[in-house]
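Visitor: Could you work out the structure for the sequence below:
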Amino acid sequence: MRILILNGSARAHGNTSTLTAAFKRGAEEAGNDVVELPVGRMAIRGCLGCEYCHGRGHGECIIRDDEKEVKEEMKKADMLVLASPIYFFSPSAQLEAAIQRMHAKGIPDNIRESAMILTSGSPGVYDAAKAQYKAIFDYLGTRDRGIFTACGSESRFERKQKELEDFGRSLVS
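Guide: I've put the predicted structure just below:
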């Protein structure tokens, strides 16, 4: 299986990246091909709501930026994993921009499964992001493989990393 992780963290070695690395290790051990795009550090603008994509653009966005790389990787993926720190009750603005740009075409039909990895400095702030994830992927019809959370330094704990590695290993190619 080919798995695409969209990592919305702007911190290359932060808590979110620690957990995506653990997930990736496990998934690769199970024989999966895993690609992680650091959308938190890519130049991706938010949707303008101009509807160009649904008219003259024939599914292509009028904005020319790094979203093109996301779109190309999505065409090859069987599973999409959204990963983000929670900033003020929602995923990062960078991940939000990448998600909003799915407005042009949605996600390709080849993506059949999805999951989410969330980190935060405070407990109890995940509800809005979880609801958003559920709504998006219910609408798109993917199989929900779960939402994984870590609070504060918990992402550095061996048991939390093992949880993500085991999840990755459970996705047998």
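Visitor: Point out the other helices and strands that the lowest-mean-pLDDT helix or strand in the chain packs with.
Guide: Lowest by mean pLDDT, DSSP states H and E among the helices and strands of the chain is helix 127-140, with a mean of 90. Helices and strands touching helix 127-140, by 3 or more CB pairs under 8 Å, 6 or more residues apart in numbering; DSSP states H and E, are strand 79-87, strand 90-91, strand 113-120, strand 143-151. In short, each C-beta sits where N, CA and C put it, glycine included.
Visitor: Y133 is nearest to which of those strands?
Guide: Distance to Y133, taken as CB to CB, is lowest for strand 113-120 among the helices and strands packed on helix 127-140, at 4.7 Å.
Visitor: and the angle for that closest one with helix 127-140?
Guide: Between the axes of strand 113-120 and helix 127-140, defined by axes from the mean of the first three to the mean of the last three CA atoms, to 10 degrees, the angle is 170 degrees.
Visitor: what packs against strand 113-120?
Guide: helix 15-29, strand 79-87, helix 127-140, strand 143-151.
Visitor: Check what contacts the last one and list those residues.
Guide: Contact partners of strand 143-151, identified using CB atoms under 8 Å, 6 or more residues apart in numbering, comprise 15, 19, 23, 79, 112-123, 126, 130, 133-134, 137-138, 157, 160, 163-164, 167, 171.
Visitor: Next, the angle strand 113-120 makes with the next helix or strand after it.
Guide: Remark: after strand 143-151, the chain's next helix or strand is helix 158-170, criterion DSSP states H and E. Counting by the same axes, to 10 degrees, helix 158-170 lies at 170 degrees to strand 113-120.
Visitor: This completes my enquiry, with thanks.
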